[in-house]
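[1] I would like the atomic coordinates for the input below:
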Amino acid sequence: MLMRWLAVPALLFAFTGLAHAAECPELLQGSLPKLRAKESIDLCQRFAGKPLVVVNTASFCGFAPQFKGLEALSQHYKGQGLEVIGVPSNDFKQESKDGEETAKVCYVNYGVTFTMTEPQKVRGDDATHLFQVLAAQSSAPKWNFYKYVVDRKGKVIANFSSLTKPDDPEFIGAVEKALASQP
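    From the prediction side, this is the model:
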C-alpha cells in the first residue's frame, strides 16, 4: 500500500515533466553556456513564449558593427517582450578562440546587453541543437550575422542574410509580426 502512495507523486512528477517538454518548442529544447559566465541558459525556461531574434555573430567579421543595431533593436522592443540571442561562432573563421576576447568585443566595444552565448557551431551535423532546428525550419546560416526572427511558438517566420541591417524595414516588419504572434 505504501508503494502505491509513493508511486502517485512519482507519476505526477513524470507527467509534469512531459507536459513541460510538450509546451517547450523543439527550437528551445536544451541549454547553451552564457558568454563569460559560469551559468548555462535553459532556452525553454528563459525564452518560451517570447518572440526572438537569433543571430550568429563573429567578433572579427566586417558585419560586427551590426551589434550596435541589434542592441538598439533589443532596447526598442524589449518592453514588448522581444529577446535577442547572439551566438558567436567560428564556423566562418572570424571568431576568437578566446571567450574573454569575444566578450570584450561584444560588451565593451559594442555595449551589448542582450543574451550572448559562448561560441558554438552553427552549421552542419555538429551545429548546436538551436541552429539545427533553425536550419530545418528555414536554412543554415550562409555567413556571420545571419538573422532569424522567431514567433512566440518557436517557429521561424523569416530569416535574413548578413547584408540585412537590423534597421531594415523588412526585418523590422518581421520582428513586429513576431511580437504580434500568439503563444
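[2] Now do the same contact list for Gly86.
    Applying CB atoms under 8 Å, 6 or more residues apart in numbering, one finds that Gly86 lies in contact with 55, 57, 67, 70, 106, 112, 114-117. Any C-beta I mention is one placed from the backbone N, CA and C, and that applies to glycine too.
[3] how does it look with 7 Å?
    By CB atoms under 7 Å, 6 or more residues apart in numbering, Gly86 lies in contact with 55, 57, 106, 112, 114-116.
[4] Take the residues you listed and keep only those in strands.
    55, 57, 115-116 (DSSP state E).
[5] Show me which of the residues you listed is closest to Leu163.
    Lowest distance from Leu163 to these (CB to CB) belongs to Val55, with 13.2 Å.
[6] Could you check how far the closest one is from Lys38?
    24 Å (CB to CB, to the nearest Å).
[7] Of the two, which one has the most company?
    Of the pair Val55 and Lys38, Val55 is the one with more neighbours under other CB atoms under 10 Å, namely 26 against 6.
[8] partners of the closest residue to that one other than its chain neighbours in the sheet?
    Among residues not flanking Val55 along the chain, Lys147 sits closest, at 4.8 Å (CB to CB, 6 or more residues apart in numbering). Beta-bridge pairing of Lys147 under DSSP bridges involves Val55, Phe160.
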